[in-house]
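J.: Provided below are the primary sequence and the corresponding predicted coordinates.
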Amino acid sequence: MIKACLIFNNHGKPRLTKFFTYFPEEEQQQIIRETFLLLSKREDSVCNFLEGGKLIGGSDFRLVYRHYATLYFVFCVDSSESELGILDLIQVFVETLDRCFENVCELDLIFHMDKVHYILQEIVMGGMVVETNQTEILTHIEAQQRIEKQEAGMGGAPARALSAAKSIAPNVNLPKLSDLQNLSLSTFKKM
């Protein structure tokens, strides 16, 4: 089972933290600090697996990570997970981020945190891997984006309704949209 997913930059600043097992806030911060200290000291040529030790609950846990440019992608897993499978999962996650953000960078993770969390939730939910097919993940993300665009279009619904009503009945005097926006419940009580 996956216990945590962490992304931090070369300076140790967390850019994404998702814990699938409960840890108090102070302990989470300690885990992030210790994980960064362990990984930042390692050469790029060494193995991408590291024993978790006392970090997240004993020797049963491992840190599986990849270092891309300025970002570390780290998954903390227990012994039931395959380290190579998790490395592949990190690759799928990064490639999906790349496709969504067109060459993902640290700023994308900062300014689109909600989208990054949504992508991670499409891949891992409750500490279990649910999807590794990048095409399937991207299909769900595109569907979510269509829904968001439709909901964003709801803000213009009153204006569209008035213009539709005017086209149906051009001789009817309809109130101006600015007058409708100033209405409140107290206005109707006075009538």
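T.: It's in.
J.: Only C-alpha atoms from now on, for both contacts and neighbour counts.
T.: Will do.
J.: Now do the most centrally placed residue in the chain, the pLDDT please.
T.: Centroid check for the chain by C-alpha atoms, centre = their mean gives His117 as the closest residue, at 1.5 Å. With respect to pLDDT, His117 scores 93.
J.: Please list all residues in contact with the residue of the chain positioned farthest from its centre.
T.: No residue in the chain sits farther from the centre than Asn171, which is 50.6 Å out by C-alpha atoms, centre = their mean. Not one residue lies near Asn171 by C-alpha atoms under 8 Å, 6 or more residues apart in numbering.
J.: Could you look up the SS state of it?
T.: Secondary structure for Asn171, judged by DSSP: H, G, I helix; E, B strand; the rest coil, is coil.
J.: how close does it sit to Glu43?
T.: Look at Asn171 and Glu43: by C-alpha to C-alpha, to the nearest Å, they are 77 Å apart.
J.: For Leu16, list each beta-bridge partner.
T.: Beta bridges link Leu16 to Ile7, judged by DSSP bridges.
J.: Tell me, how many residues neighbour it?
T.: For Leu16, the count of nearby residues is 17 (other C-alpha atoms under 10 Å).
J.: mind checking how far Ile90 is from Val129?
T.: Applying C-alpha to C-alpha to Ile90 and Val129 gives a distance of 11 Å.
J.: Quick check on these two: which one has the bigger neighbour count.
T.: For the pair Ile90 and Val129, the greater number of neighbours falls to Ile90 (21 against 17), based on other C-alpha under 10 Å.
J.: coming back round to it: got a list of what the residue nearest to the centre of the chain touches?
T.: Per C-alpha under 8 Å, 6+ apart, neighbours of His117: none.
J.: Now do the SS call for it.
T.: What three-state DSSP gives for His117 is helix.
J.: Show the average pLDDT along stretch 81-89.
T.: 93.
J.: Can you list the buried residues in that stretch?
T.: By 16 or more other C-alpha atoms under 10 Å, the buried positions in stretch 81-89 come out as Glu81, Glu83, Ile86, Leu87, Leu89.
J.: Of those residues, which is the nearest to Met113?
T.: Checking the buried residues of stretch 81-89 against Met113 with C-alpha to C-alpha, the nearest one is Leu89 at 19.4 Å.
J.: Can you tell me what sits against the strand or helix carrying the closest one?
T.: Using DSSP states H and E, Leu89 sits within helix 83-101. With contact meaning C-alpha under 8 Å, 6+ apart, helix 83-101 is reached by 49, 64-66, 73, 75, 103-104, 108, 116, 119-120, 123, 132-134, 137-138.
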